[in-house]
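Trainee: Just need the structure, nothing else, for what follows:
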Amino acid sequence: MWQIAMILFVVSFCFFVGVMVREPRSLRSGVSFFWMMLCLAGVMFLVLAGCAAWLASRTVLIWILLILLMIALICVAVFPIALAVMFFVQGLKVIRHEGRKPANMLSVAFSVMLFGYLTVWPAMGGLGRSIFGTRLYILISLLAFYLLSLLATYALSAVLNLIHLRKRRRADYIVVLGAGLIGARVTPLLAARIDKGIELLAFNPKAMLIMSGGQGPGEDLAEGRAMADYAIDKGVDSERIVVEDRSASTEENLLFSRALMEKETPRVILVTTAYHVFRALLLARQQGMKCVGFGAKTKWYFTLNALLREFGGYLSLTWKRHAAVALVLASMAAILGI
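Mentor: Numbers count the residues shown, from 1 in each chain. All right, here's what the predicted structure looks like:
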């Protein structure tokens with residue numbers, strides 16, 4: 001039996017590697033990694049089961065395995081509540097440091113809804129004894145499970161697209177995406193992106209550095225120009241910098257930057273904040289731009305809140321697909337609620 005599981009693991013491993021090599025900029029990267037790890041867990045379980053007779057005579061080893069199993073089960077059981085608590089605590093930090101804007105309350109709102117879904121919602125049962133109430137309960141439960149699974153897959157895919165074994169990519173262009181100015185001053189968030197671009201420029205000596213960003217409300221000049229000035233102050237040769245100063249969104253960052261590239265099929269590196277990389281890669285893929293993404297670091301409390309915002313952006317990009325899934329789930333709820 002374990003031989004079959006091993007074959008499935010090898011197949012899933014090859015599929016995962018194929019996805020990451022050929023085109024990792026999709027949720028397939030996260031899904032394929034999850035199934036690979038699931039197959040690996042199955043192989044390990046069957047191997048241990050096959051060694052039961054050998055393990056029976058080794059009491060110490062059995063106790064070690066049982067303790068590890070108990071720890072794993074406790075972690076699985078506690079993880080959802082721990083996740084809700086973490087989002088709530090970090091969400092309060094966002095509000096304290098960044099203000100009470102609606103966009104800054106995503107972490108707190110998510111943690112409250114997650115806690116309610118895990119504790120209050122199961123106790124509600126069928127929302128009464130009516131068929132409509134039962135169907136509504138099943139539908140909301142299915143939709144919540146689907147969205148949570150989708151969020152987990154999105155987060156896993158985003159992490160996988162941040163992992164790079166090498167920085168030397170023989171890149172032709174390194175595109176740094178803008179992130180707002182305070183007057184004419186580069187913010188710490190934007191400075192981290194530029195610093196990451198400069199770091200990658202050292203590993204890609206033939207690359208041009210494209211600073212992408214237009215002039216937004218309250219800004220004294222275009223972001224691209226301020227970013228270029230910052231890089232020059234850091235010692236970057238001005239002849240290696242190209243300024244894109246018209247864009248007002250991530251889509252335009254990519255579109256207008258691509259128009260400045262002289263090569264027909266350039267090797268491109270995108271640089272933005274870590275939580276923003278995956279959605280930028282998805283947009284680049286939609287535009288037909290082949291590229292990889294590198295992420296600049298930011299504060300952890302801000303990352304969680306921003307991840308939820310980025311996930312919302314992903315849903316807006318793919319809403320038709322998820323609307324179709326919602327219709328399927330509604331049909332299932334109608335059938336199961338009979």
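
Trainee: per the record, what domains does this structure have?
Mentor: 2-57, 83-153+327-336, 173-268 (automatic domain parsing).

Trainee: Single out the most deeply packed of the ones you listed.
Mentor: Greatest average neighbour count among those goes to domain 173-268 (a mean of 18), per mean count of other Cβ atoms under 10 Å. For the C-beta atoms, the positions are set from N, CA and C on the backbone; glycine is no exception.

Trainee: what's the distance between Ala313 and Gly213?
Mentor: That one is not Ala; residue 313 is Gly. 18 Å (Cβ to Cβ, to the nearest Å).

Trainee: no wait, Leu281
Mentor: Distance from Leu281 to Gly213, by Cβ to Cβ: 18 Å.

Trainee: just Asp229 next, same as before
Mentor: Asp229 is 12 Å from Gly213, by Cβ to Cβ.

Trainee: Equivalent analysis for Val242, please.
Mentor: Distance from Val242 to Gly213, by Cβ to Cβ: 12 Å.

Trainee: Likewise for Ile140?
Mentor: 41 Å.

Trainee: ditto for Ile71
Mentor: Ile71 is 47 Å from Gly213, by Cβ to Cβ.

Trainee: Please, where are all the helices along the stretch 201-338 of the chain?
Mentor: 223-233, 250-259, 274-286, 300-317, 319-336 (DSSP state H, counting those that start in this stretch).

Trainee: chain center to the second one, what's the gap?
Mentor: Looking back up the chat, that one is helix 250-259. On the basis of Cα atoms, centre = their mean, to the nearest Å, the separation between the geometric centre of helix 250-259 and that of its chain is 21 Å.

Trainee: cool, and stretch 93-111?
Mentor: Mean C-alpha position of stretch 93-111 versus that of the full chain (Cα atoms, centre = their mean) differs by 19 Å.

Trainee: mean confidence for it?
Mentor: For stretch 93-111, mean pLDDT rounds to 90.

Trainee: how close does Arg321 sit to Phe311?
Mentor: Distance from Arg321 to Phe311, by Cβ to Cβ: 14 Å.

Trainee: which of those two has more neighbours?
Mentor: More crowded of Arg321 and Phe311, by other Cβ atoms under 10 Å: Phe311, with 21 against 10.

Trainee: quick one: contacts for that one?
Mentor: 151, 154-155 (Cβ atoms under 8 Å, 6 or more residues apart in numbering).

Trainee: Report the separation between it and Met332.
Mentor: 24 Å.

Trainee: Distance from stretch 202-216 to the middle of the chain?
Mentor: The answer for stretch 202-216 is 23 Å, by Cα atoms, centre = their mean.

Trainee: what mean pLDDT would you report for that stretch?
Mentor: pLDDT averaged over stretch 202-216 gives 94.

Trainee: Over to stretch 36-49?
Mentor: 88.

Trainee: can you dump the C-alpha coordinates of it into CSV?
Mentor: C-alpha atoms of stretch 36-49 as CSV (Å, rounded to 0.1, in the frame of the first residue of the first chain):
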residue,chain,number,x,y,z
MET,A,36,2.4,17.1,-2.3
MET,A,37,2.6,17.5,1.5
LEU,A,38,-0.6,15.6,2.0
CYS,A,39,0.8,12.7,-0.1
LEU,A,40,4.1,12.8,1.9
ALA,A,41,2.1,12.6,5.2
GLY,A,42,0.2,9.6,3.8
VAL,A,43,3.5,7.9,2.9
MET,A,44,4.9,8.5,6.4
PHE,A,45,1.8,7.2,8.0
LEU,A,46,1.7,4.0,5.9
VAL,A,47,5.5,3.4,6.5
LEU,A,48,5.0,3.7,10.2
ALA,A,49,1.9,1.4,10.0
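
Trainee: Need the contact partners of that stretch.
Mentor: For stretch 36-49, using Cβ under 8 Å, 6+ apart, the contacting residues are 1-2, 5-6, 8-9, 12-13, 15-16, 55, 65.

Trainee: List the residues that contact Met302.
Mentor: Quick fix: residue 302 is Phe, not Met. Contact analysis of Phe302 by Cβ under 8 Å, 6+ apart lists 94, 97-98.

Trainee: And the lowest mean pLDDT element among the helices and strands of the chain?
Mentor: helix 52-56 (a mean of 74; mean pLDDT, DSSP states H and E).

Trainee: And the contacts of it?
Mentor: 48, 61-62, 65.

Trainee: Same check on stretch 9-23?
Mentor: 26, 28-29, 32-33, 35-36, 38-40, 42-43, 160, 285.

Trainee: OK, contacts around Arg240?
Mentor: Here Arg240 is in contact with 201, 207-209 (Cβ under 8 Å, 6+ apart).

Trainee: Need the max-distance pair from these.
Mentor: Leu201 and Met208 (8.9 Å; Cβ to Cβ).

Trainee: And the residue of the chain most remote from its centre, its phi and psi?
Mentor: Most distant residue from the mean C-alpha position of the chain: Ser57, 45.9 Å away (Cα atoms, centre = their mean). The phi/psi pair for Ser57 (degrees, to the nearest 10) reads phi -90, psi 10.

Trainee: where in this protein is pLDDT low?
Mentor: By pLDDT under 70, the low-scoring segments of the chain are 125-130, 337-338.
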